[in-house]
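Participant: The following comprises the amino acid sequence and a computationally predicted model.
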Amino acid sequence: MDPQVAQFMALVKAKDPAEPEFHQAVQEVAESIIPFIEENPKYKHAKILERIAEPERVLIFRVPWLDDVGEVQVNRGFRIEMNSAIGPYKGGLRFHPTVNLGILKFLAFEQVFKNSLTTLPMGGGKGGSDFDPKGKSDNEVMRFCQSFMTELCRHIGPNTDVPAGDIGVGGREIGFLYGQYKRIRNEFAGVLTGKGIEWGGSLIRPEATGYGAVYFAEEMLQTQGESLKGKTCIVSGSGNVAQFTTEKINQLGGRVVTISDSTGFIHDPDGINPEKLAYVMDLKNIRRGRIKEYAEKYGCQYHEGERPWNIKGEAAFPSATENEINEADAVKLVGNGCKVISEGANMPSTPNAIGVYEKHKILYGPGKAANAGGVAVSGLEMTQNSMRLPWTRKEVDSRLQQIMKSIHETCVKYGAEKDGFVNYVKGANIGGFVKVADAMLAQGIV
């Protein structure tokens, strides 16, 4: 490790011990940014990186709620308001038992760079709770969401902090959260994104993260005169991102042969066509079943307790969770002929896995660039809410494609190396940093 990076990371770890995911995210950025800062001392003197790595505000609160048998349950709620230099805090809420301060700080830190790359005026934030919606009734989820928002509502607003959904927070949860916000604050405002289309939501928002990851992969492939048409694609996850990644790959002529959940993955060599995808959407969104049922219905292989990275394919779309691809998985992907990796999830590749991609000069779109389509359309939803004017599906999709193209161009601008190889990690980090850093310099020491 570069001595200056090591020195910086020692300070971060001393201030924030026991937060490994946060350390991982900060180090990945620091390795790209510190050499850039050395060449641009104005950022060094103002200690911009040190300031970006420190949240502007961290909120932690108690969330008591009543379950269906009348027992009081107590969860912990969080909101990390990381950076507001270029706009109101923007980032999702995650409801999952693994949620803790370190994971949310990593997500909020990544969100700052991701939101900057979209070209839209949005700062970075993240939040959530260790509440698990799985196995809970609609009434239990509603009571939890109402209690959560009762505390959160005093800290957010359309010009202050605009949360969205994430893992465990879909349309149902956003509806319950928004209803409680409106009830307490007595205002109909664009304070949450991912809302229902009938009450302020945007067309394409559910599809945006998955669609954007596929558009970004297409942009990367086009630099080598290729496309996704005819390519075998490996997708992990089976939630919102994986579903719409699969849908867009099908539309562009690719063939998705895997999807997964926390119990294992299925391998369908014939491809997950639109009919099969409709079954997956019903299984996961409505019946909330396990992906094993897909294998039973369509007679394909189910690999219990495994991830799909040993399956042959030319393109991979990790769309489940952080650190789902380790070094050994990356070696398998490269050995099986993978040419492009576009991350639908946040930080799904470990540092050692990224090292494998770079060594073999794989086209690798890191999450802060490749999955920025979700928050980009959230930003477009905010714009529509401010205008009180909804856009058509075609118009939103067109804007999404243009944003992903712009993000790709920024990555190429800052990540192109002398041999022509584009280091998308470096490009995304520096491209995202410059906009936020310049805004911070202009606003003084705040």
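Facilitator: Looks like it arrived, so ask away. Numbers count the residues shown, from 1 in each chain.
Participant: Look up how far residue 81 lies from the residue nearest in space to the middle of the chain.
Facilitator: Nearest to the centroid of the C-alpha atoms of the chain, with distances taken as Cα atoms, centre = their mean, sits residue 346, at 4.5 Å. Using Cβ to Cβ, to the nearest Å, one obtains 18 Å as the distance from residue 346 to residue 81. Heads up, the C-betas are built off the backbone N, CA and C, glycines and all.
Participant: Helix, strand, or coil at residue 309?
Facilitator: Remark: residue 309 carries the secondary structure label helix [criterion: DSSP: H, G, I helix; E, B strand; the rest coil].
Participant: same question, residue 60
Facilitator: Counting by three-state DSSP, the backbone at residue 60 sits in strand.
Participant: Can you tell me the closest non-neighbouring residue to it?
Facilitator: Of all residues not flanking residue 60 in the chain, residue 78 sits nearest, at 5.6 Å (Cβ to Cβ, 6 or more residues apart in numbering).
Participant: Tally up the residues packed near that neighbour, please.
Facilitator: Burial measure for residue 78: 24 neighbouring residues, criterion other Cβ atoms under 10 Å.
Participant: let's have the chain start at 20 instead
Facilitator: Understood, numbering begins at 20; the last thing we discussed is residue 97.
Participant: Now for it: which residues touch it?
Facilitator: Contacts of residue 97 were listed using Cβ atoms under 8 Å, 6 or more residues apart in numbering, and they are 77-80, 118, 120, 123, 146-148.
Participant: Residue 228 reaches residue 261, doesn't it?
Facilitator: No - under the criterion of Cβ atoms under 8 Å, residue 228 is not in contact with residue 261, lying 9.8 Å apart.
Participant: Wait, a strand at the residue nearest to residue 79?
Facilitator: Yes - secondary structure assignment places residue 97 in a strand (three-state DSSP).
Participant: Bridged to it, which residues?
Facilitator: For residue 97, the residues forming beta bridges with it (DSSP bridges) are residue 79, residue 147.
Participant: so how far is residue 215 from it?
Facilitator: Using Cβ to Cβ, we find residue 97 at a distance of 25 Å from residue 215.
Participant: cool, residue 424 as well?
Facilitator: Counting by Cβ to Cβ, the gap between residue 424 and residue 215 amounts to 29 Å.
Participant: Between those two, which is the more surrounded one?
Facilitator: More crowded of residue 424 and residue 215, by other Cβ under 10 Å: residue 424, with 15 against 12.
Participant: What segments of this structure are strands?
Facilitator: Taking DSSP state E as the criterion, the chain carries its strands at 76-85, 91-102, 108-114, 143-148, 180-183, 251-254, 274-280, 283-286, 320-323, 334-336, 359-361, 382-384.
Participant: Quick one: closest of these to residue 463.
Facilitator: For residue 463, the closest of those is strand 91-102, at 14.9 Å, according to Cβ to Cβ.
Participant: Any idea how far the closest one is from the middle of the chain?
Facilitator: What separates the centre of strand 91-102 from the centre of its chain is 19 Å, taken as Cα atoms, centre = their mean, to the nearest Å.
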